[in-house]
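1. Sequence first, then the predicted structure, then my questions.
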Amino acid sequence: MADSCVVVADAARARFFTLEAAADPDFESGPNLVEHVGLDNAEASMQGKEKYSDNKSGRNQGGIGATHGFDDHRDKHDMENHRRFAQRVVSEAVSLANKSNARQLVITAEKQMLGMLRQAMSGSNHNSFEIREVAKDLTKLAPHEIHKHLAGEQLVPAQRRPGR
């Protein structure tokens with residue numbers, strides 16, 4: 001059983017952690033963030049022609065005469081992709097929190113993604129734990145750095161040295 005589950009996410013990937021007590025506090029530091037599964041959003045990390053047949057958006061590419069602006073709906077497509085990814089992230093986060101009997105779920109993401117996660121969370125069943133949010137992208141940090149940041153925000157207990 002973990003008191004807390006932590007999710008760090010951006011539009012391209014999500015990482016899932018539980019905060020686990022040290023097995024032997026006299027000889028090990030703890031609690032520790034333990035990383036579990038991760039999700040990748042492959043389309044979000046694609047660039048230009050990998051994603052679209054034409055990497056220029058918003059204007060007619062015709063050869064002669066005036067060019068005309070148009071909306072090829074790439075932004076809407078990208079937002080829909082991010083929304084679907086947010087739903088996958090929330091589903092996995094709720095599952096992990098329920099499975100580990102967590103009392104709280106800490107979600108960290110940049111502001112736009114956090115809004116999408118919040119929206120996806122509103123439709124899920126999460127009555128058994130409290131949700132805490134941090135509007136910051138921590139996906140590229142190591143687990144101990146994420147833990148240190150969250151402890152500084154007083155969202156999780158700080159890691160203690162052995163024997164304390």
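-> That came through fine. Numbers count the residues shown, from 1 in each chain.
2. where do the helices sit along the protein?
-> In the chain, the segments counted as helices under DSSP state H are 42-45, 48-51, 74-99, 111-121, 143-152.
3. Quick one, which of these gets closest to residue 15.
-> Proximity of these to residue 15 was assessed by CB to CB; the nearest stretch is helix 143-152, lying at 8.3 Å. For the C-beta atoms, the positions are set from N, CA and C on the backbone; glycine is no exception.
4. got the buried residues for that closest one?
-> 146-147, 149-150 (16 or more other CB atoms under 10 Å).
5. So which of the helices of the chain is nearest residue 29?
-> Each of the helices of the chain has some distance to residue 29 by CB to CB; the shortest is helix 143-152, at 9.6 Å.
6. quick one: that closest one to chain centroid distance?
-> Counting by CA atoms, centre = their mean, to the nearest Å, helix 143-152 is centred 15 Å from the centre of its parent chain.
7. Report all helices and strands that that helix contacts.
-> In terms of contact count using 3 or more CB pairs under 8 Å, 6 or more residues apart in numbering; DSSP states H and E, helix 143-152 is assigned the packing partners strand 4-9, strand 13-20, strand 32-40, strand 104-109.
8. how about these in a markdown table, adding distance to residue 155, mean neighbour count and mean pLDDT?
-> Listed next are the helices and strands packed on helix 143-152 as a markdown table, based on distance: least, CB to CB, whole Å; neighbours: other CB atoms under 10 Å; pLDDT from 0 to 100:
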| stretch | distance to residue 155 | mean neighbour count | mean pLDDT |
| --- | --- | --- | --- |
| strand 4-9 | 8 | 27 | 95 |
| strand 13-20 | 10 | 22 | 95 |
| strand 32-40 | 12 | 15 | 91 |
| strand 104-109 | 5 | 24 | 96 |
